[in-house]
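Novice: build me a model from this:
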Amino acid sequence: MNRHQSPVMSVDDMQQFLAARFPQVNQQGEGALIVEEVGLMSCRMRLIVGDRHLRPGGTVSGPTMFTLADVALYVAILGQIGPVELAVTTSFTINFLRRPAQRDMIAQCRLLKLGRNLAVGEVALFSEGGGEPVAHATGTYAIPR
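Specialist: Residues are numbered from 1 along each chain as shown. Take a look at the predicted model:
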C-alpha cells in the first residue's frame, strides 16, 4: 500500500489505464469520464453530460450519477495503490440531494480509509458551476491480495 505523501499514478497514467483496461468508461465527447486530478487520498473527475444522460423532466439520471461516483472512488483508490484492476466495489450507497442541472457533472472523491484489503471513500457530486452537492455517495472496495 502507498503510505507516501503523493499518489502513485498521475492523471495521464490513470487516463491511459482506463483507456486500456476499461474502454467502456473512457469515451471521447459526450459520456466521457475525465480524470481531472489525482491527489493524496483523493481525485476529481468530470462526466461530459449529453442527452442520453437525461431522464424525463430534463435532469441527469440516477444511474449516470452512480456511475460517475463509483468510477471516481475506483480512481482515487488506484491513485494510491497503483493499477490494481481487480479492485471491486463491495458496497455503495448514494443519496440524491437536489436536482442536478443539465451541465457536466463533477465528482470530488476522498478516501476515508485505505487498508490492505478494503478501502472506504465518499464522493460529492456537483453540477458544473454549482456550489451545493446534488448527490453524496459512500462506498467500499475490496482490494485483492
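
Novice: distance of the closest residue to residue 99 other than its chain neighbours from residue 128?
Specialist: Leaving aside its chain neighbours, residue 99 sits nearest to residue 59 (5.2 Å; criterion: C-beta to C-beta, 6 or more residues apart in numbering). C-beta here means a position set from N, CA and C on the backbone, and glycine is covered the same way. Separation of residue 59 from residue 128 (C-beta to C-beta, to the nearest Å): 14 Å.

Novice: show me which of those two is the more surrounded one.
Specialist: residue 59 (19 against 14; other C-beta atoms under 10 Å).

Novice: so how far is residue 28 from that one?
Specialist: Residue 59 is 24 Å from residue 28, by C-beta to C-beta.

Novice: and what of residue 114?
Specialist: 31 Å.

Novice: these two: which has the busier surroundings?
Specialist: Ranked by neighbour count (other C-beta under 10 Å), residue 114 and residue 28 place residue 114 first, with 19 against 8.

Novice: longest helix in the chain, by number of residues?
Specialist: helix 62-81 (DSSP state H).

Novice: tell me the gap between it and the middle of its chain.
Specialist: The chain centre lies 3 Å from the centre of helix 62-81; the measure is C-alpha atoms, centre = their mean, to the nearest Å.
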